[in-house]
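*Asks:* Quick one: sequence plus predicted model below, questions after.
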Amino acid sequence: MEKKPKEENNKKKNVPALPWMRNPIDITDIDQCPISCVPFLDPRLGGALQNMRFTSLFPVQVAVWQETIGPGSFGRDLCINSPTGSGKTLAYALPIVQALSTRAVKCLRALVVLPTRDLALQVKEVFEALAPAVGLSVGLAVGQSSIADEISLLINKPKLEAGICYDPQDLSQDFGSSVDILVATPGRLMDHISNTNGFTLEHLCYLVVDETDRLLREAYQSWLPTVLQLTRPCSDTNFPLCENLTSLGFGSLKTIRRFGVERGFNGKSCPRLVKLVLSATLTQDPSKLAQLDLHHPLLLTTGQNRYQLPELLRSFKVMCESKLKPLYLVSLLQGLREEKSIVFTSSVESTHRLCTLLKFFGDLQIVFKEYSRLQHQSERSKTLTAFRTGKVQVLVSSDAMTRGMDVEGVRNVINYDMPTYIKTYIHRAGRTARAGQTGQCFTLLHKDEVKRFKKILQKADQDSCPVHSIPSESIEALRPMYTSALEKLRRRVEAETHGKRKRKNKLSTVSGHNRKAD
Ligand SMILES: Nc1ncnc2c1ncn2[C@@H]1O[C@H](COP(=O)(O)OP(=O)(O)OP(=O)(O)O)[C@@H](O)[C@H]1O
């Protein structure tokens with residue numbers, strides 16, 4: 001028999017192409033660890049964990065602790081692939097805070113990058129619950145407030161004698177960092193790197209890239225190569241590298257690490273930048289991982305399969321006719337009663353249309369809200385708070401919610417539109433069954449979609465997905481409301497399209513006048 005080339009065989013068995021990925025640490029072999037038994041844990045951080053009402057570290061947290069504070073001593077860069085809701089945030093926050101707890105001088109030493117503002121806010125809260133206990137400060141760079149306000153919280157301006165103003169362009173001024181740890185989104189991070197005097201990565205010791213596969217997919221103004229260049233030790237013989245950066249307009253030479261003794265490193269030479277990269281669906285693509293320039297990387301993963309669903313998640317199919325999908329959704333939601341649920345659609349437009357339609361059903365006794373990128377950040381934050389506090393029972397969302405968001409008490413996830421990829425299924429379903437809780441994920445399917453859906457779930461070793469039936473009487477009972485809601489929706493869509501056209505015409509008339517005036 002003809003032998004297949006090795007690479008093809010590996011692909012079939014889903015064996016990672018990178019050798020270091022083939023010998024991971026399996027997190028399923030590790031037990032939870034009571035807080036009181038965590039080796040070397042600073043008692044002040046033990047107290048902070050108790051205040052958070054945590055009694056044990058979860059397995060992924062124990063595994064990372066062992067490779068960082070434990071015997072591993074941050075010797076290797078870590079790639080962490082562990083299911084949604086398994087506690088990855090604390091897994092990196094705790095060792096970083098402990099490692100920095102003995103620092104003498106305040107400088108920016110840890111940078112955590114996340115793809116969205118909502119996620120960055122969530123992660124900052126976890127650091128805020130730990131860092132003050134050991135005298136560290138945490139900052140946020142996400143563009144939530146004006147850049148001036150953000151700078152005033154991040155940078156310590158030099159104190160001057162009364163009446164003397166400092167020159168913001170004078171780089172010899174001794175600016176200092178007001179924070180030890182910064183949680184940032186890539187866009188705002190790049191703004192500070194390029195324009196904020198006194199913002200420097202020269203003392204950075206830890207870089208966390210959370211939701212790595214998402215961040216690597218989008219270049220975001222080349223934030224990663226920029227951060228890596230600015231944190232790479234740069235001897236005088238290596239000077240051209242520094243010149244490249246200044247010619248690109250990034251900050252000043254102050255932002256470049258040098259070999260040798262550094263301010264803020266207690267007279268020691270600057271340490272290697274340690275990287276921790278994480279996701280519930282970590283990429284195995286060598287070219288993508290190469291962008292991270294990892295040092296002697298170690299993979300920490302859960303089980304054999306790269307794609308894992310939370311242990312206590314139950315998945316169901318809901319078979320329905322495409323035309324009657326909204327009726328099945330309403331009936332399903334009514335059956336779930338007051339439970340907190342998230343409904344996912346395939347796009348922001350269908351989220352908006354579905355919400356508008358649901359509103360036209362009349363009083364469904366379900367408090368729901370739209371949550372998508374079409375809305376302003378402040379409106380989204382309000383909706384999220386209402387959902388967290390239980391004032392809103394159902395969120396209808398586009399994929400803006402899929403990654404990382406942690407809302408306590410979400411019992412159900414409903415895929416109104418079938419996800420196209422296993423990664424999307426994992427991140428959507430992962431909004432429930434978090435932190436060892438149970439949860440359910442329902443997917444509305446037309447019979448033609450069943451085969452495809454089965455194949456998607458098989459990628460996460462899910463061979464069975466029972467049908468959740470909706471009684472036909474409940475569908476029939478909703479039909480009259482549905483007919484009138486559809487008619488109202490049709491009229492609304494017409495009015496919205498008309499309004500859009502009118503605004504467009506008005507704009508083109510105005511720009512025509514302006515051109516004439518020019
Ligand atoms: N040791 C612990 N004990 C109890 N609860 C914990 C512990 N660690 C984390 N949690 C809780 O578990 C939930 C999930 O944590 P986290 O958001 O870090 O998960 P994640 O692995 O990052 O998920 P995702 O992949 O969806 O981002 C949070 O509500 C967090 O407060």
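*Replies:* Noted; the coordinates are in hand.
*Asks:* CA-only coordinates of stretch 322-334 in CSV, if you can.
*Replies:* Only the C-alpha atoms of stretch 322-334 are listed here, as CSV (Å, rounded to 0.1, in the frame of the first residue of the first chain):
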residue,chain,number,x,y,z
SER,A,322,-37.5,28.4,8.3
LYS,A,323,-40.6,30.5,7.8
LEU,A,324,-41.8,29.9,11.4
LYS,A,325,-38.5,30.3,13.1
PRO,A,326,-39.5,33.3,15.2
LEU,A,327,-42.5,31.3,16.5
TYR,A,328,-40.3,28.5,17.6
LEU,A,329,-38.0,31.0,19.3
VAL,A,330,-40.8,32.7,21.2
SER,A,331,-42.3,29.3,22.3
LEU,A,332,-38.8,28.1,23.4
LEU,A,333,-38.2,31.3,25.4
GLN,A,334,-41.7,31.1,27.0
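*Asks:* List the buried residues for that stretch?
*Replies:* Under the neighbour-count criterion of 16 or more other C-beta atoms under 10 Å, stretch 322-334 has 325-333 buried. Backbone N, C-alpha and C define where each C-beta goes, glycine included.
*Asks:* The residues you listed in helices, which ones?
*Replies:* Among the buried residues of stretch 322-334, the ones falling in helices (DSSP state H) are 325-333.
*Asks:* coming back round to it: would you list the buried residues of stretch 322-334 in JSON lines and tack on pLDDT and distance to Lys391?
*Replies:* As requested, those are exported to JSON lines (pLDDT from 0 to 100; distance: C-beta to C-beta, whole Å):
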{"residue": "Lys325", "pLDDT": "95", "distance to Lys391": "27"}
{"residue": "Pro326", "pLDDT": "95", "distance to Lys391": "24"}
{"residue": "Leu327", "pLDDT": "95", "distance to Lys391": "26"}
{"residue": "Tyr328", "pLDDT": "97", "distance to Lys391": "26"}
{"residue": "Leu329", "pLDDT": "97", "distance to Lys391": "21"}
{"residue": "Val330", "pLDDT": "95", "distance to Lys391": "20"}
{"residue": "Ser331", "pLDDT": "95", "distance to Lys391": "24"}
{"residue": "Leu332", "pLDDT": "97", "distance to Lys391": "22"}
{"residue": "Leu333", "pLDDT": "96", "distance to Lys391": "17"}
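*Asks:* tell me which of these is nearest to Arg103?
*Replies:* Using C-beta to C-beta, Leu333 comes nearest to Arg103 of these, at 50.6 Å.
*Asks:* Just give the nearest non-adjacent residue to the closest one, would you?
*Replies:* Among residues not flanking Leu333 along the chain, Ile366 sits closest, at 5.4 Å (C-beta to C-beta, 6 or more residues apart in numbering).
*Asks:* surely the one you found meets Leu336?
*Replies:* No. Contact criterion C-beta atoms under 8 Å: Ile366 and Leu336 do not qualify, at 9.1 Å.
*Asks:* Can you give me the neighbour number for Tyr206?
*Replies:* The number of residues packed around Tyr206, counting by other C-beta atoms under 10 Å, is 21.
*Asks:* need the contact list for the residue nearest to it when sequence neighbours are not counted.
*Replies:* Distances taken as C-beta to C-beta, 6+ apart place Ala110 nearest to Tyr206, at 4.1 Å, with adjacent residues excluded. By C-beta atoms under 8 Å, 6 or more residues apart in numbering, the contact set of Ala110 is 96, 100, 180-182, 204-208.
*Asks:* at 6 Å what do you get?
*Replies:* Counting by C-beta atoms under 6 Å, 6 or more residues apart in numbering, Ala110 makes contact with 96, 181, 206.
*Asks:* Show the backbone phi and psi for it.
*Replies:* With angles defined as degrees, to the nearest 10, Ala110 sits at phi -130, psi 130.
*Asks:* and it, what pLDDT?
*Replies:* Ala110 is assigned 98 on the pLDDT scale.
*Asks:* and it, what are its bridge partners?
*Replies:* Ala110 has these beta-bridge partners by DSSP bridges: Ile181, Tyr206.
*Asks:* where's Val227 relative to Glu379, distance?
*Replies:* For Val227, the distance to Glu379 (C-beta to C-beta, to the nearest Å) stands at 32 Å.
*Asks:* what do you get for Val343?
*Replies:* The gap separating Val343 from Glu379 is 18 Å, by C-beta to C-beta.
*Asks:* In terms of neighbours, single out the busier of the two.
*Replies:* More crowded of Val343 and Glu379, by other C-beta under 10 Å: Val343, with 26 against 13.
*Asks:* How much space separates that one from Ser287?
*Replies:* Val343 sits 36 Å away from Ser287, going by C-beta to C-beta.
*Asks:* Just confirm Gly198 is within a strand.
*Replies:* No. With DSSP: H, G, I helix; E, B strand; the rest coil as the criterion, Gly198 is assigned coil and is not in a strand.
*Asks:* Now it: closest residue in space, sequence neighbours ignored.
*Replies:* Phe175 (2.5 Å).
*Asks:* Also Asp293?
*Replies:* The spatial neighbour of Asp293 that comes closest, neighbours along the chain excluded (C-beta to C-beta, 6+ apart), is Leu228 at 5.5 Å.
*Asks:* Give me the pLDDT value at the one you found.
*Replies:* With respect to pLDDT, Leu228 scores 95.
*Asks:* so which strand or helix has it?
*Replies:* helix 223-231 (DSSP states H and E).
*Asks:* surely Arg109 meets Cys205?
*Replies:* Yes. Here Arg109 reaches Cys205: they are 4.7 Å apart, a contact under C-beta atoms under 6 Å.
*Asks:* before we move on, back to that, reformat the buried residues of stretch 322-334 as JSON lines; add distance to the ligand.
*Replies:* Output for the buried residues of stretch 322-334, formatted as JSON lines (distance: C-beta to the nearest ligand atom, whole Å):
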{"residue": "Lys325", "distance to the ligand": "27"}
{"residue": "Pro326", "distance to the ligand": "28"}
{"residue": "Leu327", "distance to the ligand": "31"}
{"residue": "Tyr328", "distance to the ligand": "27"}
{"residue": "Leu329", "distance to the ligand": "24"}
{"residue": "Val330", "distance to the ligand": "28"}
{"residue": "Ser331", "distance to the ligand": "29"}
{"residue": "Leu332", "distance to the ligand": "23"}
{"residue": "Leu333", "distance to the ligand": "23"}
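*Asks:* Out of those residues, the closest to Met52 would be?
*Replies:* For the buried residues of stretch 322-334, the nearest to Met52 is Leu333 (32.4 Å; C-beta to C-beta).
*Asks:* For the stretch 1-150 of the chain, which residues are neighbours of the ligand?
*Replies:* Within the stretch 1-150 of the chain, the residues that sit near the ligand (C-beta under 6 Å from any ligand atom) are 54, 56-58, 61, 84-90.
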